[in-house]
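Asks: Build me a model from this:
(chains A and B)
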Amino acid sequence: MAPILGIWASAQSAAAITSYESIATFTSSGSTNLIQFTSIPSTYTHLQLRIFARSAQAASTDTIYFRFNGDSTNNYSRHLLSGDGASATGTGYYPENVIFAGTIAAASSTASAFGAYVVDILDYTNTNKNKVTRSLGGYDANGSGVIDFRSANWGSTTAITSITLANYTAGANFANGSHFALYGIKGA
Amino acid sequence: MPLTYEPIATATIASDGQGWDFTSIPSTYTDLRLVVYGRGTYASTTFGGSGRFNNDSGTNYSYTRLFSDGSAQSQRNANTDTFNVGELPSANATANVFGQAVIDIFNYANTTTYKTLLVRTSTMTSTSYTFTYVNLWRSTAAINRITFGTAGLNSMKAGSMATLYGIKAA
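Replies: Below is the predicted model of the structure:
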């Protein structure tokens, strides 16, 4: 691609990244409370979720969680380093029946403010390892906000073939414009 | 499958004191990622990296950050006139030390939501920092321009480099 006009500094080229592919995407129209990526191909080395979301729950925040392969048992553990704008805290939880991606803005927060998260799921097809995830993200609403760095373990050696995401507030919809994109990252 | 992670432009600062101005950003991606490897020219050990979208100098930005200089801390700031990424090495830092910032800008082309961006920044100077930020730009305008630098949105050391990537969703 030709350099963009208007760059003050000298333009150079950068190589395209061919190992990062889009698998599937969901955009909420406001009536969705569950996002399901199913039949995830096993042809990648890692997965990455990119989340841009807001909850319709009547509160200032909600929390997105996810599960693998429909496993709702106490088969997960997680750790969190979080900042709320005033202090930093670290916590751990075990056992758990979900993994939390992180905190997002909800209906009584600043209008049109959404949370964003990037979730990495490593070696998801390996049948000899439990699965580890890492997420970084948060939301800011001009005077309130949370930034989260999380890790989690799914205590299963099963290959991941599906991911289900929802708001922790049961039944709360994802606001119109919420966007969930799953990518596959290939190894050499 | 088509490419989903593409470089849009790379720019290296040619002379001390310049900044970056990515203009005419195409709207054909889902997210943007700006990767900065830079050092400032302001006479201090570090100086905060900051930027603007679409040349908006209004107080329409805010952030919440989690960072460490050896101890974990969190702060927020509302109604700022730039988005912020944390400290980058500057003129009084050890020679040849550059910092890095990775800035993910979500849903940048949509015209119904405010824009949220995530930042990871590392600064290795006499005081080392690591930062994570979530920034909000309170505008529903599609982002078509990103200006970035240190003091005055310029003040970058020659050799500082930034690459803007586009990430497509299926």
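Asks: just the strands in chain B please.
Replies: Per DSSP state E, chain B has strands spanning B:5-12, B:20-22, B:31-38, B:46-53, B:61-68, B:72-80, B:83-89, B:99-105, B:115-123, B:129-137, B:146-149, B:161-167. These are given in chain order.
Asks: Kindly format the C-alpha coordinates of the fourth one as CSV.
Replies: Only the C-alpha atoms of strand B:46-53 are listed here, as CSV (Å, rounded to 0.1, in the frame of the first residue of the first chain):
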residue,chain,number,x,y,z
THR,B,46,10.9,10.9,30.5
PHE,B,47,8.0,12.6,28.9
GLY,B,48,4.4,11.4,28.4
GLY,B,49,3.4,10.2,25.0
SER,B,50,0.1,11.6,23.8
GLY,B,51,-2.0,12.0,20.7
ARG,B,52,-5.2,13.3,19.2
PHE,B,53,-7.8,12.0,16.8
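Asks: burial count for residue 24?
Replies: You didn't pick a chain, so chain A it is. Applying other C-beta atoms under 10 Å in any protein chain shown, we find 19 residues neighbouring residue A:24. (C-beta placed from N, C-alpha, C; glycine too.)
Asks: wait, chain B
Replies: Using other C-beta under 10 Å, residue B:24 has 12 neighbouring residues.
Asks: that older thread, adding mean neighbour count, distance to residue A:154 and mean pLDDT, write the strands of chain B out as JSON lines.
Replies: Formatted as JSON lines, the entries for these read as follows, by neighbours: other C-beta atoms under 10 Å in any protein chain shown; distance: least, C-beta to C-beta, whole Å; pLDDT from 0 to 100:
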{"stretch": "strand B:5-12", "mean neighbour count": "21", "distance to residue A:154": "26", "mean pLDDT": "95"}
{"stretch": "strand B:20-22", "mean neighbour count": "25", "distance to residue A:154": "39", "mean pLDDT": "97"}
{"stretch": "strand B:31-38", "mean neighbour count": "22", "distance to residue A:154": "26", "mean pLDDT": "97"}
{"stretch": "strand B:46-53", "mean neighbour count": "23", "distance to residue A:154": "36", "mean pLDDT": "97"}
{"stretch": "strand B:61-68", "mean neighbour count": "25", "distance to residue A:154": "25", "mean pLDDT": "97"}
{"stretch": "strand B:72-80", "mean neighbour count": "17", "distance to residue A:154": "26", "mean pLDDT": "97"}
{"stretch": "strand B:83-89", "mean neighbour count": "26", "distance to residue A:154": "32", "mean pLDDT": "97"}
{"stretch": "strand B:99-105", "mean neighbour count": "22", "distance to residue A:154": "25", "mean pLDDT": "97"}
{"stretch": "strand B:115-123", "mean neighbour count": "24", "distance to residue A:154": "24", "mean pLDDT": "96"}
{"stretch": "strand B:129-137", "mean neighbour count": "25", "distance to residue A:154": "24", "mean pLDDT": "96"}
{"stretch": "strand B:146-149", "mean neighbour count": "25", "distance to residue A:154": "37", "mean pLDDT": "97"}
{"stretch": "strand B:161-167", "mean neighbour count": "22", "distance to residue A:154": "26", "mean pLDDT": "97"}
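Asks: and these as a markdown table, adding distance to chain A?
Replies: A markdown table is the format used below for the strands of chain B (distance: least, C-beta to the nearest C-beta, whole Å):
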| stretch | distance to chain A |
| --- | --- |
| strand B:5-12 | 4 |
| strand B:20-22 | 5 |
| strand B:31-38 | 6 |
| strand B:46-53 | 13 |
| strand B:61-68 | 3 |
| strand B:72-80 | 3 |
| strand B:83-89 | 10 |
| strand B:99-105 | 6 |
| strand B:115-123 | 4 |
| strand B:129-137 | 4 |
| strand B:146-149 | 9 |
| strand B:161-167 | 5 |
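Asks: I figured residue B:63 was touching residue B:83, is that so?
Replies: Yes - in this structure residue B:63 lies within contact range of residue B:83 using C-beta atoms under 8 Å: 6.9 Å.
Asks: Would you mind grabbing the residues shared as contacts by these two?
Replies: residue B:135 (C-beta atoms under 8 Å, 6 or more residues apart in numbering or on different chains).
Asks: circling back: could you dump the strands of chain B to JSON lines with distance to residue A:164?
Replies: Written out in JSON lines, the entries for the strands of chain B read as follows (distance: least, C-beta to C-beta, whole Å):
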{"stretch": "strand B:5-12", "distance to residue A:164": "25"}
{"stretch": "strand B:20-22", "distance to residue A:164": "37"}
{"stretch": "strand B:31-38", "distance to residue A:164": "22"}
{"stretch": "strand B:46-53", "distance to residue A:164": "34"}
{"stretch": "strand B:61-68", "distance to residue A:164": "28"}
{"stretch": "strand B:72-80", "distance to residue A:164": "30"}
{"stretch": "strand B:83-89", "distance to residue A:164": "33"}
{"stretch": "strand B:99-105", "distance to residue A:164": "24"}
{"stretch": "strand B:115-123", "distance to residue A:164": "23"}
{"stretch": "strand B:129-137", "distance to residue A:164": "25"}
{"stretch": "strand B:146-149", "distance to residue A:164": "35"}
{"stretch": "strand B:161-167", "distance to residue A:164": "23"}
